[in-house]
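Novice: missing the sequence, but the structure's below:
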Ligand SMILES: Nc1ncnc2c1ncn2[C@@H]1O[C@H](COP(=O)(O)OP(=O)(O)OP(=O)(O)O)[C@@H](O)[C@H]1O
């Protein structure tokens with residue numbers, strides 16, 4: 001099957017510095033792929049090139065087999081893009097703006113109004129059709145931004161940090177909208193928030209210093225970063241040597257007189273065993289949590305796997 005997106009040896013240089021180097025990946029069908037990276041990692045540069053807003057220094061982008069440099073108009077028919085700063089004309093109404101966007105996408109007149117209606121319904125903005133965009137809340141402005149990205153029914157939708165700057169309720173709503181639009185097309189979604197990518201995406205590409213450092217399914221990523229330590233809160237903790245006798249525990253670190261970190265090998269079933277032992281021995285169990293690996297540690301680990 002032909003990939004909807006194929007990137008080969010993509011590199012980009014601004015003035016003197018390379019922002020991205022030799023990026024290769026493919027996206028095949030519907031569902032959400034997360035592009036995760038810290039600030040300045042190269043997410044926006046990659047997305048702007050995929051969508052034809054920026055010309056790459058080197059490499060190729062093929063959208064459904066069409067080279068974006070050889071036939072940008074045909075390639076752009078298959079792409080919907082919501083850049084980091086949504087390109088909204090705030091003095092237009094929602095209808096006026098979506099009609100303008102549909103024209104930019106060269107939509108035939110006879111299907112345009114139906115397509116606009118469908119995009120508005122999909123994004124839950126039908127009731128704001130005649131409202132000026134400047135009078136919408138941040139969450140609804142973002143929905144209008146997503147509506148313009150899907151109005152022409154592209155096979156690939158690219159969303160650059162679409163939840164940035166939204167309040168927690170708006171974030172939940174926009175995430176659920178993204179899940180919905182990915183039911184019948186491929187979506188690439190960028191974020192610097194690991195938990196957001198874990199929540200939404202089936203596949204993950206992790207970018208750091210302009211290079212892809214991890215590319216696989218979300219399940220594979222979660223296995224890769226599986227924690228190997230847990231935090232225990234005990235009212236009557238025993239001596240370190242006693243904790244070391246728990247099967248699977250290979251290191252003990254007291255953080256305070258009542259908080260201790262246990263390092264373990266093997267799988268996370270050890271949590272149940274540790275809980276049972278704490279209760280049986282009367283150590284006053286007050287808390288038990290897997291240690292989350294911080295995102296910057298994961299980046300470090302993936303960027304320099306040999307240092308792990
Ligand atoms: N127009 C530009 N001119 C020069 N350097 C730039 C330009 N745009 C981006 N850069 C640099 O390129 C690198 C990648 O930036 P990019 O915006 O792609 O990263 P990002 O992962 O999207 O980060 P953020 O989440 O902060 O937007 C950074 O070092 C950035 O400073």
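Specialist: Yep, it's here. Remember, predicted model here, so these are calculated numbers, not experimental data.
Novice: Strands of the stretch 151-300 of the chain, residue ranges please.
Specialist: Here the stretch 151-300 of the chain has its strands, by DSSP state E, counting those that start in this stretch, at 156-160, 186-191, 203-208, 211-217, 229-234, 249-254, 259-264, 285-290.
Novice: in its sheet, what does the second one sit against?
Specialist: The sheet places strand 186-191 alongside strand 31-36 (parallel), strand 156-160 (parallel), with pairing taken from DSSP bridges.
Novice: now the helix or strand following the longest one and strand 211-217, what's the angle there?
Specialist: Once strand 31-36 ends, the next helix or strand along the chain (criterion: DSSP states H and E) is helix 43-50. Using axes from the mean of the first three to the mean of the last three Cα atoms, to 10 degrees, the interaxial angle of helix 43-50 with respect to strand 211-217 works out to 80 degrees.
Novice: Contacts for helix 43-50 next, please.
Specialist: Helix 43-50 has contacts (Cβ atoms under 8 Å, 6 or more residues apart in numbering) with 5, 7, 10, 12, 14, 19-20, 23, 35, 37, 54-56, 61, 63, 68, 79, 81, 83-84, 158, 160-161, 188, 190, 192, 207, 210. Quick note: C-beta positions are derived from backbone N, CA and C, even for glycine.
Novice: Can you pull the residues of the stretch 101-250 of the chain lying near the ligand?
Specialist: Proximity of the stretch 101-250 of the chain to the ligand, by Cβ under 6 Å from any ligand atom, involves residues residue 192.
Novice: Tell me the spacing between residue 34 and the ligand.
Specialist: Per Cβ to the nearest ligand atom, to the nearest Å, residue 34 is found 13 Å from the ligand.
Novice: which stretches of the stretch 1-150 of the chain have low pLDDT?
Specialist: Scanning the stretch 1-150 of the chain for pLDDT under 70 picks out no residues.
Novice: how about residue 84, what does it touch?
Specialist: With contact set as Cβ under 8 Å, 6+ apart, residue 84 has these partners: 44, 160, 161, 164.
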